[in-house]
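In: Below is the sequence, then the predicted model.
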Amino acid sequence: MILSIESSCDDSSIAITEIETKKLIYHKKISQELQHSMYGGVVPELAARLHAEALPKILEECKDYFPKLKAIAVTNAPGLSVTLMEGVTMAKALSLALDLPLIAVNHLKGHIYSLFIEKEEIFPCTILLVSGGHTQIIEAKNHENMRLLATTLDDSFGESFDKVAKMMGLGYPGGPIVQEKGLKGDENRFDFPVPLRQSPNIEFSYSGLKNAVRMQIEKLGENGLTEQDICDIAASFEKSAVAHIMQKIKKLFKTKNAKNFAIVGGASANIRLRTAIEEFCKQKGMKLYLSELKYCSDNAAMIGRVAVEQYKRADFTTIDDIDVKTRIKEF
């Protein structure tokens, strides 16, 4: 078995995965959403302290599995440096204490493998990764051959939801709240721009849309936002945010063919986005793959699933060589 640790942002998680069967033997996640909600976003130093408290508590439940472990896996990039360090420090200690090899896992590859928890890999596949920190399209031919086709120039899809929610005082995380409010709103009341509509490039940007929403909130805020204002802003914003992604995906597939398409990442739980992509895949005759909702956000189960493949390839690192990285450009 492999013990995997995830601490890239505000979720403390440990999982144990059986190597031969890929079965998820144990999985637990402790979210910090409540502690960060008053700040409207993740506070890195607070997140690190909470990881230092939560991870040892989860690990205590895993001691019976220690004799069966063959490796220790941990997310080391990308993410918040201070929170990644909590997981990496624990992984190093376990590697030394149990005399087990160490596996460093790319967090973004983990999101891709959230599709394959307790399942076999399905490649080749074109993947839309949407989360609080990333908006990317990835062409994955196999475990070792993944290529970035498009990314965001500034804010991510998920991050823009968090910021719009914060502007309206709705709390954190913003994705579920904005979606809930949007279901009660008029998506046509505000004509927010669809970013990069005229650009031929396959890339994303949410700073301009976010600013347009801010200006509208400030304009309405002179008399105070009503509940209906909030719902209408949420619906109109969500409409433009999803339209931006769909416009770029349609441009990409004018010159590209694929049999398989997938959506992964925490923001892939967005109903409007899922529905739009489901319809697009039907039109294109592509098979759509979705992660189970419980595995969309950050978790150690997906890290463990990647680690199984790396273990088979003897893709290990050393205690001296493993480091944390806030950003990475390759898979």
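Out: That came through fine. Note that the structure is predicted; figures quoted are calculated from it, not measured.

In: give the contact list for residue 153.
Out: Neighbouring residues of residue 153 by Cβ atoms under 8 Å, 6 or more residues apart in numbering: 203, 204, 205, 207. Quick note: C-beta positions are derived from backbone N, CA and C, even for glycine.

In: just checking, the third one touches residue 193?
Out: No. The pair formed by residue 205 and residue 193 falls short of the contact definition of Cβ atoms under 8 Å, at 10.6 Å.

In: ok so, going back, filter the contacts of residue 153 down to the buried ones and hand me the ChimeraX line.
Out: To isolate the buried ones among the contacts of residue 153 in ChimeraX, judged by 16 or more other Cβ atoms under 10 Å, type:
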select :204,205
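
In: Out of the contacts of residue 153, list just those in helices.
Out: Under the assignment DSSP state H, the contacts of residue 153 contribute residue 207 to helices.

In: Which of the contacts of residue 153 sits closest to residue 175?
Out: In terms of Cβ to Cβ, no member of these lies closer to residue 175 than residue 204, at 16.2 Å.

In: Counting neighbours, what do you get for the nearest residue to the closest one once chain neighbours are set aside?
Out: Closest residue to residue 204 apart from its sequence neighbours, by Cβ to Cβ, 6 or more residues apart in numbering: residue 152 at 4.1 Å. With neighbours defined by other Cβ atoms under 10 Å, the count for residue 152 comes to 20.

In: Let me see the confidence value for residue 152.
Out: Here, the pLDDT recorded for residue 152 equals 96.

In: who's in contact with it?
Out: Shown in contact with residue 152 (Cβ under 8 Å, 6+ apart): 134, 135, 136, 203, 204, 205, 206.

In: I'd like the distance between the residue most central in space within the chain and residue 189.
Out: Closest residue to the average C-alpha location of the chain: residue 265 at 3.2 Å, with Cα atoms, centre = their mean. Distance of residue 265 to residue 189, given as Cβ to Cβ, to the nearest Å: 29 Å.

In: What of residue 82?
Out: Remark: distance between residue 82 and residue 189 (Cβ to Cβ) = 41 Å.

In: Can you give the domain ranges for the chain?
Out: What automatic domain parsing lists as the domains of the chain is 2-117+295-312, 125-290.

In: for the shortest one, the distance to its chain's centre please.
Out: Using Cα atoms, centre = their mean, to the nearest Å, the mean C-alpha position of domain 2-117+295-312 is found 14 Å from that of the whole chain.

In: That one spans what distance, first to last residue?
Out: End-to-end distance for domain 2-117+295-312: 12 Å, by Cα to Cα, to the nearest Å.

In: And for the longest one?
Out: The first residue of domain 125-290 is 12 Å away from its last residue (Cα to Cα).

In: Would you map the helices across the stretch 201-331 of the chain?
Out: Here the stretch 201-331 of the chain has its helices, by DSSP state H, counting those that start in this stretch, at 207-221, 227-252, 271-284, 300-312.

In: coming back round to it: for the residue nearest to the centre of the chain, list the residues it contacts.
Out: Here residue 265 is in contact with 111, 129, 130, 131, 134, 158, 296 (criterion: Cβ under 8 Å, 6+ apart).

In: what do you get for residue 186?
Out: Each residue near residue 186 by Cβ under 8 Å, 6+ apart is listed here: 231, 232, 235, 236.

In: Pipe those residues into JSON lines and attach distance to residue 287, neighbour count and pLDDT per row.
Out: Listed next are the contacts of residue 186 as JSON lines, based on distance: Cβ to Cβ, whole Å; neighbours: other Cβ atoms under 10 Å; pLDDT from 0 to 100:
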{"residue": "231", "distance to residue 287": "35", "neighbour count": "20", "pLDDT": "98"}
{"residue": "232", "distance to residue 287": "36", "neighbour count": "23", "pLDDT": "98"}
{"residue": "235", "distance to residue 287": "30", "neighbour count": "22", "pLDDT": "98"}
{"residue": "236", "distance to residue 287": "32", "neighbour count": "22", "pLDDT": "98"}
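
In: Please produce TSV containing these, extended by distance to residue 214.
Out: What follows is the contacts of residue 186, written out as TSV (distance: Cβ to Cβ, whole Å):
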residue	distance to residue 214
231	17
232	15
235	17
236	13
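
In: Out of those residues, which is nearest to residue 30?
Out: The nearest one, if we look at those relative to residue 30 and count by Cβ to Cβ, is residue 231, at 31.7 Å.

In: check contacts around the closest one.
Out: For residue 231, the contact set (Cβ under 8 Å, 6+ apart) comprises 181, 182, 184, 185, 186.

In: Equivalent analysis for residue 318, please.
Out: residue 102.

In: and what of residue 31?
Out: Going by Cβ under 8 Å, 6+ apart, residue 31 touches 10, 11.
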